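K.L.:
Pasting a predicted model and its sequence here:
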Amino acid sequence: MALMTTTTLYSPILSVSGRNFEINKSKIKSSFFSFAPGSSRSWAHLLAADRLRGCINRRPRRCGVAVFSSNEKPGGESQDDFPDLTEDEFAERFKCPHITDLFNVQPMRSTFCTKSSCPLPSESSSVSSRWEDLGKMFVHEDDRVLLKTIKYANPTSSGAECFDENCSFIHQWVIRAGPRSKIYFDPADVKAAVVTCGGLCPGLNDVIRQIVLTLDVYGVKKMLGITYGYRGFFEESLQPIVLTRDVVQNIHLAGGSLLGVSRGGAKTSDIVDTLQEKGINMLFVLGGNGTHAGAHAIHEESRRRRMKLAVVGVPKTIDNDILLMDKTFGFDTAVEEAQRAINAAYIEANSAYNGIGIVKLMGRQSGFIAMHASLASGQVDVCLIPEVPFTLDGTSGVLQHVQHLIEERGKAVICVAEGAGQDLLPASNGTDASGNPILGDIGTHLQREIKRHFKAANVPADVKFIDPTYMIRACRANASDGILCAVLGQNAVHGAFAGFSGITVGIANNHYVYLPIPEVIAHARNVDPDSHRPRLTTEATREHCISLLHENSWKFSLDDGYAASWLPNVPDNVGNCASSPDRLAPGNVLEAFSLLHLWNRENLGMSVSEDLLGLELIKGRDSEQIQGTGFSKELYMQAAHSFASTSCPRMMMNRELQEQDPYSSL
Ligand SMILES: Nc1ncnc2c1ncn2[C@@H]1O[C@H](COP(=O)(O)OP(=O)(O)O)[C@@H](O)[C@H]1O
Ligand SMILES: O=P(O)(O)OC[C@H]1O[C@](O)(COP(=O)(O)O)[C@@H](O)[C@@H]1O
Ligand SMILES: [Mg+2]
């Protein structure tokens, strides 16, 4: 045991178990999109996703990318079915609805001033010149931010998003957020309302506070806080709170929402009735994808009624599942808070005899929290997320892998996102008040199955399950989120005064931007298991030795004729165990195995195991040639798994043993 606790042979891995989607090679330009089977995404959603990625260029360009689920493969589309989108159409897409689309409103000079004490501008020459002096503090209305900044050289590049074989660079410009020198609302006429909907999220109070403070700087006197989400608009028992600078001054020091939150009960026409009755003409909506769908509906309905109303969203969700932005506020804090739970699980696992710690984190459809928390902790062995299907049983299953960890190292830590492995649980078919699916409890299921497995294998195991779910989102925002919230809140107000409506504010490539709401909620943003983050998970530690293999990975790699894009962890993992990872051709798993195999023999004098004999057959051949050898997929899988799960760690163990034998000093 002493030796085991001094070694760190394993490090966090994503559940690398293949992907249940197929790529239609006749259509494919690049794979950039992946998702869990059973998700609610449809072909239309994927087209929307394609459209979201956009093409904006100087000359008209056709764009088309197709990746679809094996469950939802559309029938009979031809090349012509690709969305035909020109750069102008993309430019149109990212255009934000504006008050002047409906009304002939003349703008006035901005009343925004960096100091709340400065006088409102007037036509008097002294104040006017002072206004001029504000100089570069305003954003020009034609300022744009580039949404995508990478020029991919090849569709096989990690995370590549390409619209043609050459991965031509497509400019995707979006509107830069910030204060404009001209505004479309007179602060004296503004009656603003703020509402917070959905689940809690660290930073809600920070955003409320900044909205109020910024409105105050513009000179707005009438501000209301709608209580308990959209319900506050029409439930008679729920009265709004009058918001002032004094009321919000210290609210960011606590978590939660000053206004309260709720799910469900959004009735667009009732909400718009209330807005109309109360004369509210600026509405700031803090919430996730559901809330934004509601905000968009309110915006549309108010336009139908020809109301001069600015509806501006601020995306809120610890899940980080909103499209097109670097991150949503609260996510950073949630990841940080999750460290404490993971550390506790690690300590429990490390201190127990054959200890196994399981931590369940939030993430209904997206595994960002679990993945980032695992990555940051350096203490997680297996990370399971909704985007990567996995099995529990069998040689490529999680249970076998956990047993292996226990046998080799005496402890294992698993981090699981709540939405992971839902296909392994009985479907609840239920939904919450907002229509979100009620998930099965993968954490307790995992705990039960691990106990059952170890009992059946007659291996003692001490399993501890930690569910810190609400603790990671009920806390106060950390410093980084605090700043994000402040700037988002300010820019929400600037956006409303600039005359936009039906928009949301986000951060893209470190710049603050305005985006039309439908563009950010077409579907939930997901972790792309192939892109850089999972790779980072591997490379950050350089100690991986094992990946959970999955049948679909094999199918995918053979069908596609190259191994580069499947199981990105395998070559890296093997490479990390080999002495010379640089010699490995990127993604060439066969070469990797062969090299490691040779290294193993040369350096440790290990004999070739029977399982590995088959690998000799395929040494030096590419995957298409392998297909012709009749070397069975099952045998390869078995050999690869056995190789990765036994030889590699043992090899490391042996090296440790040679270097440090505790008994030799006795
Ligand atoms: N498609 C929709 N159209 C209008 N309102 C919606 C829609 N989806 C959800 N909402 C409303 O938005 C609010 C928050 O939604 P919810 O899904 O609970 O949280 P979140 O906004 O964090 O995703 C709820 O009051 C819900 O009724
Ligand atoms: O128990 P609640 O309030 O429904 O919250 C649980 C949900 O909150 C979330 O963290 C965030 O969801 P929202 O973004 O919809 O608020 C989900 O991952 C999770 O399923
Ligand atoms: Mg949501």
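P.N.:
Perfect, thanks for sending it. Numbering: from 1, shown residues only. Ligands and ions are numbered 1, 2, ... in the order given.
K.L.:
Return the residues of this structure in contact with ligand 3.
P.N.:
Proximity of the chain to ligand 3 (Cβ under 5 Å from the ion) is limited to residues 288-290. C-betas here are computed from N, CA, C, even on glycine.
K.L.:
So which of those residues wins on neighbours?
P.N.:
Most neighbours among those, by other Cβ atoms under 10 Å: residue 288, with 26 neighbours.
K.L.:
Test my guess that it contacts residue 320.
P.N.:
No. Taking contacts as Cβ atoms under 8 Å, residue 288 lies outside contact range of residue 320: 10.0 Å.
K.L.:
Which neighbours do the two have in common?
P.N.:
The contact sets of residue 288 and residue 320 overlap at residue 328 (Cβ atoms under 8 Å, 6 or more residues apart in numbering).
K.L.:
I'd like the residues of the chain next to ligand 3 as JSON lines, with secondary structure, pLDDT and distance to ligand 2 appended.
P.N.:
Output for the residues of the chain next to ligand 3, formatted as JSON lines (DSSP: H, G, I helix; E, B strand; the rest coil; pLDDT from 0 to 100; distance: Cβ to the nearest ligand atom, whole Å):
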{"residue": "288", "secondary structure": "coil", "pLDDT": "97", "distance to ligand 2": "3"}
{"residue": "289", "secondary structure": "helix", "pLDDT": "95", "distance to ligand 2": "7"}
{"residue": "290", "secondary structure": "helix", "pLDDT": "96", "distance to ligand 2": "6"}
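K.L.:
what subset of these is also close to ligand 1?
P.N.:
Filtering the residues of the chain next to ligand 3 for proximity to ligand 1 by Cβ under 6 Å from any ligand atom leaves 288-290.
K.L.:
out of those, who's nearest residue 497?
P.N.:
Distance to residue 497 across these (Cβ to Cβ) is lowest for residue 288, with 24.8 Å.
K.L.:
what's near enough to touch the closest one?
P.N.:
197-199, 315-317, 319, 321-322, 328.
K.L.:
Let me see the domain layout of the chain.
P.N.:
Taking automatic domain parsing as the reference, the chain has its domains at 3-69+542-650, 182-328+476-520, 331-473.
K.L.:
In terms of mean pLDDT, which of those ranks lowest?
P.N.:
Across the domains of the chain, the stretch with the lowest average pLDDT is domain 3-69+542-650; it has a mean of 33.
K.L.:
I'd like the next helix or strand past the strand or helix carrying residue 447.
P.N.:
Assigned by DSSP states H and E, residue 447 belongs to helix 442-456. Next in sequence after helix 442-456, counting helices and strands by DSSP H and E, comes strand 462-466.
K.L.:
Using CSV, write out the CA atom coordinates for that next one.
P.N.:
Extracted in CSV, the C-alpha atoms of strand 462-466 (Å, rounded to 0.1, in the frame of the first residue of the first chain):
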residue,chain,number,x,y,z
ASP,A,462,-15.3,0.5,0.1
VAL,A,463,-17.6,2.7,-1.9
LYS,A,464,-18.4,6.3,-0.9
PHE,A,465,-20.9,8.5,-2.9
ILE,A,466,-20.9,12.3,-2.6
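K.L.:
Can you name the residues in contact with it?
P.N.:
Contacting residues not belonging to strand 462-466 are listed as 341, 344-345, 348-349, 352-360, 443-444, 446-447, 450-451, 454 [Cβ under 8 Å, 6+ apart].
K.L.:
repeat that for 10 Å
P.N.:
Residues from elsewhere that reach strand 462-466 (Cβ atoms under 10 Å, 6 or more residues apart in numbering): 340-342, 344-345, 347-349, 351-361, 402, 406, 411-416, 443-444, 446-451, 454.
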